[in-house]
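[1] Sequence and predicted structure below; questions after.
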Amino acid sequence: MQSNVRLTLAIQKKGRLNNDSLELLKKCGLKLLSSKSSLFYSAENFPIDILLVRDDDIPTLIRDGVCDLGIVGENVIQEQVSDENEYESLKLLGFGRCRLSIALPKDTSFNDINQLQNARIATSYPNLLQRFLSLNNIKASLVSISGSVEISPKLGIADAICDLVSTGKTLEENNLQEVAVILQSQAALIKAKAALSTEKQAILEIFLRRITGVMQAQESKYILFHAPKNAIARIEQLLPGNETPTIMPLAGNDEKVAIHVVSREAVFWGTLEKLREAGATAILVLPVEKMMY
């Protein structure tokens, strides 16, 4: 791999995806050095440079060849991209989860989506909203607003809003009720459909393996315990995840074994209680820092 060949990755300059994107890169082992302008990072131990930009600019930068990759919300991609053949989604990253929803004032009685006929709807996502309305044969007036969409009904600008919802707290604070979900969204790693050079593709494959390892580790737990030999079959049925357990003899005890297993699923207290009832003892559940297959 040539040392002068580097990938360029665009991430959100500030906002809800910035911290999570940088945290992911650090967990992938990247040591990032910032520029004086704080708008550019260079990894000193991996051939990748990070450009901090507005999230709305990321698809354009990739399309125009300024950046090779981008981390951006699916909502941004689907709002801005008219030709799906321009981009390739390489991996959903599991953070930045939200939904694009239509909301009405709480004092508005709502029965079905047809009540939006001829309504004024304020939004920062006119393309996604118009597609949804067209699919449901609803004619409405769209009011495009770049920020503070949720206050539009109070100001008399609109009858309803269409905006991103994470916890629903902002809707609650503005006395709004969520009545329809248009899109579920999360952060995604994307690239242009055009093929990368051989050298850049090799770097990308290593980068993707690291991301996959980080995500698998976040979702996994390492479970250790002792169990009677005659309970192994029952215990294997109780273990969460798909990994085959490692079974080892215990020194000085011919009746019991030590069982180690990596679980790819959440380990709940109920599972531990069932393992205990099956004969497991000294049960430990540990986090997994890194994982690679």
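    Arrived safely.

[2] Which pLDDT value does the model give the residue of the chain most remote from its centre?
    When distances are taken from the C-alpha mean of the chain, Gly252 lies farthest, 47.7 Å away, according to Cα atoms, centre = their mean. If you check Gly252, the pLDDT there is 87.

[3] same deal with Met1?
    The model reports Met1 with a pLDDT of 44.

[4] Equivalent analysis for Gln218, please.
    Taken from the predicted model, the pLDDT recorded for Gln218 is 83.

[5] Ok, the one 5 residues further on next?
    Ile223 is assigned 91 on the pLDDT scale.

[6] SS state for it?
    Three-state secondary structure (criterion: DSSP: H, G, I helix; E, B strand; the rest coil) places Ile223 in strand.

[7] Outline the domain layout of the protein.
    7-95+187-217, 98-185, 220-287 (automatic domain parsing).

[8] Mean pLDDT lowest where, among those domains?
    Taking the average pLDDT of each of the domains of the chain, the minimum falls on domain 220-287, with a mean of 88.

[9] hang on, Gly213 is in a helix, isn't it?
    Yes. Going by three-state DSSP, the assignment for Gly213 places it inside a helix.

[10] wait, doesn't it sit right on Met292?
    Yes. Using Cβ atoms under 8 Å as the test, Gly213 is close enough to Met292 to be in contact (4.5 Å). For every residue, glycine as well, the C-beta is placed using N, CA and C.

[11] So between those two, which is more surrounded?
    Neighbours around Gly213 and Met292, counted as other Cβ atoms under 10 Å, are more numerous at Gly213. The numbers are 19 against 10.

[12] Quick check: the gap between the more buried one and Cys28.
    As judged by Cβ to Cβ, to the nearest Å, Gly213 and Cys28 stand 8 Å apart.

[13] Ok, Ala217 next?
    Applying Cβ to Cβ to Ala217 and Cys28 gives a distance of 11 Å.

[14] what does Asp107 give?
    Look at Asp107 and Cys28: by Cβ to Cβ, they are 49 Å apart.

[15] Give me the more crowded residue out of the two.
    Here Asp107 and Cys28 are set side by side on neighbour count (other Cβ under 10 Å), and the busier one is Cys28, at 20 against 7.
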